[in-house]
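Student: pasting a predicted model and its sequence here:
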Number of protein chains: 2
Amino acid sequence: MPDVYRALGDSTRRGILSMLKHGNKTQKELVKAFDISQPAIKKHLNILLEEKIISESWDGKYRIYSLNPEVLQIAYNEVHQYIGELLDNQLVSLKNYVEKGEFQDELD
Amino acid sequence: MPDVYRALGDSTRRGILSMLKHGNKTQKELVKAFDISQPAIKKHLNILLEEKIISESWDGKYRIYSLNPEVLQIAYNEVHQYIGELLDNQLVSLKNYVEKGEFQDELD
DNA sequence: AATACATATAACTAATTGGTTATATGTGAA
DNA sequence: TTCACATATAACCAATTAGTTATATGTATT
């Protein structure tokens, strides 16, 4: 189960994903686009690979990276549903609170 | 700018939020619900507070925690839009790839 | 005033993260 | 085959995280 929060929890990684959405990129292109070293970029790529958000392949001496849309879709659904549920019910209980002034009281 | 990825990036914190969606809770109730120590729970609560996802107040000797639906809504919009954009364009470029076999080639 | 108990905080540990520099490896071109 | 260069990996550092135990603080109750 890929951890989307881990994958998206860093702005460099989000930047990488935003670049990849415009088409596959070589590692060299990604390194050039950010102000950090090649090994640092590779570590971010490794995290995205671990979480299965991207794939890598070879093209001669170039490493090619691409998004995995299916996994992204699953991640999207997961986050969407989790936060969505939190929000819906919270609006209901906010409404209850305002209307009835009640809150949970199961102390001891 | 609250970091929603940090806030939601831990399953205990997501569990806490899920409890709070059913109504405000005391710290004691939250501690009882998880299998970790009171200080550990308090640390999670502090992170959620730092990211403004929840609020705390006093009720006698009890600490009361509640969701901040407005901040959650902003978080939701942010994540929703970011991943949504990634997905849309990726579907387009996937389509291009399948149809034309092309991928980015701006080496050197 | 003394006790009980909810909460806060301090000090510690182990693992992870985000970065670095230095160096090794592998492929393509001269 | 040698050189250039894209990538991989190792060793290191500082900060953060997720937990622990021990202890202090503050409020309520007796």
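Tutor: Thanks, I have it.

Student: now stretch A:60-74: mean pLDDT?
Tutor: In this model, stretch A:60-74 carries a mean pLDDT of 95.

Student: what about it, distance to the chain center?
Tutor: Computed by Cα atoms, centre = their mean, to the nearest Å, the chain-centroid distance of stretch A:60-74 equals 14 Å.

Student: ok, and what's touching it?
Tutor: Under the criterion Cβ atoms under 8 Å, 6 or more residues apart in numbering or on different chains, residues A:2, A:16-17, A:20-21, A:24-28, A:30, A:45, A:51-58, B:83, B:86-87, B:90-91, B:94, B:103, B:107 lie in contact with stretch A:60-74. For every residue, glycine as well, the C-beta is placed using N, CA and C.

Student: buried only: go through these for me.
Tutor: A:2, A:16-17, A:20-21, A:24-28, A:30, A:45, A:51-54, B:83, B:86-87, B:90 (16 or more other Cβ atoms under 10 Å in any protein chain shown).

Student: inside helices: which ones of those?
Tutor: Cross-referencing these against helices under DSSP state H gives A:16-17, A:20, A:27-28, A:30, A:45, B:83, B:86-87, B:90.

Student: helix, strand or coil for A:Ile36?
Tutor: coil (DSSP: H, G, I helix; E, B strand; the rest coil).

Student: hang on, the earlier thing: which member of the ones in helices among the buried ones among the contacts of stretch A:60-74 is positioned nearest B:Ala7?
Tutor: B:Ala7 lies nearest to B:Ile83 out of these, by Cβ to Cβ, at 16.2 Å.

Student: buried residues in stretch A:75-83, which are they?
Tutor: Neighbour-count burial for stretch A:75-83 [16+ other Cβ under 10 Å]: A:75-76, A:78-79, A:82-83.

Student: right, I mislabeled it, should have said stretch A:33-45
Tutor: A:41, A:44-45.

Student: the spatially closest residue to A:Lys28 that is not a sequence neighbour pairs with what?
Tutor: Closest residue in space to A:Lys28, ignoring its immediate chain neighbours: A:Tyr62 at 6.6 Å, by Cβ to Cβ, 6 or more residues apart in numbering or on different chains. Taking DSSP bridges, one finds A:Asp59 as the beta-bridge partners of A:Tyr62.

Student: what's the spacing between A:Tyr62 and DNA strand C?
Tutor: 9 Å (Cβ to the nearest atom of the strand, to the nearest Å).

Student: distance check, A:Tyr5 against DNA strand D.
Tutor: For A:Tyr5 relative to DNA strand D (Cβ to the nearest atom of the strand), the value is 9 Å.

Student: so what's A:Met19 up against?
Tutor: Contacts of A:Met19 by Cβ under 8 Å, 6+ apart are A:25, A:29-30, A:33.

Student: restrict these to those near chain B?
Tutor: By Cβ under 8 Å from any Cβ of the partner chain, the members of the contacts of A:Met19 lying near chain B are A:25, A:29.

Student: let me have the contacts of A:Met19 in a markdown table, adding distance to DNA strand C as columns.
Tutor: As requested, these are exported to a markdown table (distance: Cβ to the nearest atom of the strand, whole Å):
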| residue | distance to DNA strand C |
| --- | --- |
| A:Lys25 | 17 |
| A:Glu29 | 16 |
| A:Leu30 | 12 |
| A:Ala33 | 13 |
